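Engineer: how would this look folded up:
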Amino acid sequence: MGDTGIVLVHGVRTSRTMWRPQTDALARAGIPTTAVDLPGHGTRAAERFTADGAVTTIADAVDGLGGRALVVGLSLGAYVAVAHAARHPEQVAGLLAAGCCTRPRRVLVGGWAALAALIARLPDRGAGLNDGFVRLMLPPDAGADLGAGGFALDVMADVLREVGGLDPVADLTRVTAPVWLVNGRYDHFRADERAFLAACHDGRLVVVPGATHLVSVVAPVRFTRAVLEAYDEVTGDPRRRQPVPSAG
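Structural biologist: Sure thing, here's the model as predicted:
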């Protein structure tokens, strides 16, 4: 088995391109890294999203890196990364789950499914709303990374149905690898943060000041530092081919 690698799993409606700041930094550090496209997203937009298919995507990516990795996910990517860790513990050296500390059932009950259905009925299927949000909330470079692989406008119904059937708190009780829960201070997906942390056998909580739900995008340097710190801990190998910049 070669070096432990890192698998990056994107959020809903975006793709692997959202990880450009992290993949660039991890390449400079000499860490084997793969950013995947989940079913229904990016290069796999023609496929239907399923939770099982997403877990298999992660498992295949870990196998491609030698069979064991630090798995890093944001939002949707974090929910399926937790499910993967529970189903394939032998593949997981560590788990960094960002923006996922709300039980999925709360998301559905809170009206997200109804809102997604309304947006899907718009003539442009929500493209204008999506583009407006990106321009308003993100710096131009971050918005470009987020959208470089295209936005999956038709995936929300499948995602909400499939993720609504997951139980990440129960799954975390089955994960013995170290777990990092990373949330932006102003993330709206923090409702069950303490329950998620309590479910971990070896967990720690990282709250990024000033950041929102898309913590890896709005605070890329701080997020990348969290990834590198987690990697160093699970490998015992504090490798720094090139330091991560301290600003940005």
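
Engineer: Show me the strands in this structure, by range?
Structural biologist: 5-9, 33-36, 69-74, 92-98, 179-184, 203-208 (DSSP state E).

Engineer: Deepest-packed of those, please.
Structural biologist: Looking across the strands of the chain with neighbours counted as mean count of other C-beta atoms under 10 Å, the highest average goes to strand 69-74: a mean of 29. (Each C-beta comes from the backbone N, C-alpha and C, glycine too.)

Engineer: Pull up the pairing partners for that one, direction included.
Structural biologist: Strand 69-74 pairs in its sheet with strand 5-9 (parallel), strand 92-98 (parallel), by DSSP bridges.

Engineer: Centre of the chain to the shortest one, how far?
Structural biologist: This points to strand 5-9. Computed by C-alpha atoms, centre = their mean, to the nearest Å, the chain-centroid distance of strand 5-9 equals 10 Å.

Engineer: Give me the contacts around it.
Structural biologist: Here strand 5-9 makes contact (C-beta atoms under 8 Å, 6 or more residues apart in numbering) with 16, 19, 22-23, 26, 31-36, 38, 54, 57-58, 61-62, 65-66, 69-74, 77-78, 80-81, 227, 231.

Engineer: residues contacting the residue lying closest to V234 once chain neighbours are set aside?
Structural biologist: Once flanking residues are discounted, V234 sits nearest to G94: 3.8 Å by C-beta to C-beta, 6 or more residues apart in numbering. By C-beta under 8 Å, 6+ apart, the residues touching G94 are 70-71, 177-180, 230-231, 233-234.

Engineer: Reformat the strands of the chain as JSON lines; add distance to V155 and mean pLDDT.
Structural biologist: What follows is the strands of the chain, written out as JSON lines (distance: least, C-beta to C-beta, whole Å; pLDDT from 0 to 100):
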{"stretch": "strand 5-9", "distance to V155": "15", "mean pLDDT": "98"}
{"stretch": "strand 33-36", "distance to V155": "15", "mean pLDDT": "98"}
{"stretch": "strand 69-74", "distance to V155": "16", "mean pLDDT": "98"}
{"stretch": "strand 92-98", "distance to V155": "20", "mean pLDDT": "98"}
{"stretch": "strand 179-184", "distance to V155": "23", "mean pLDDT": "98"}
{"stretch": "strand 203-208", "distance to V155": "27", "mean pLDDT": "97"}
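
Engineer: Distance to A191 for those strands - can I get that in JSON lines?
Structural biologist: Converted to JSON lines, the strands of the chain look like this (distance: least, C-beta to C-beta, whole Å):
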{"stretch": "strand 5-9", "distance to A191": "22"}
{"stretch": "strand 33-36", "distance to A191": "27"}
{"stretch": "strand 69-74", "distance to A191": "17"}
{"stretch": "strand 92-98", "distance to A191": "15"}
{"stretch": "strand 179-184", "distance to A191": "11"}
{"stretch": "strand 203-208", "distance to A191": "14"}
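
Engineer: Which among those is found nearest to D145?
Structural biologist: Closest to D145 of the strands of the chain is strand 33-36 (C-beta to C-beta; 11.0 Å).

Engineer: Return the list of helices and strands in contact with the closest one.
Structural biologist: Applying 3 or more C-beta pairs under 8 Å, 6 or more residues apart in numbering; DSSP states H and E, one finds that strand 33-36 makes contact with strand 5-9, helix 20-28, helix 51-64.

Engineer: mind checking which of the ones you listed is nearest V218?
Structural biologist: That would be, of the helices and strands packed on strand 33-36 and by C-beta to C-beta, helix 20-28, which comes in at 10.9 Å.

Engineer: tell me which residues in that closest one are buried?
Structural biologist: 20-23, 25-26 (16 or more other C-beta atoms under 10 Å).

Engineer: Alright, I will stop here.
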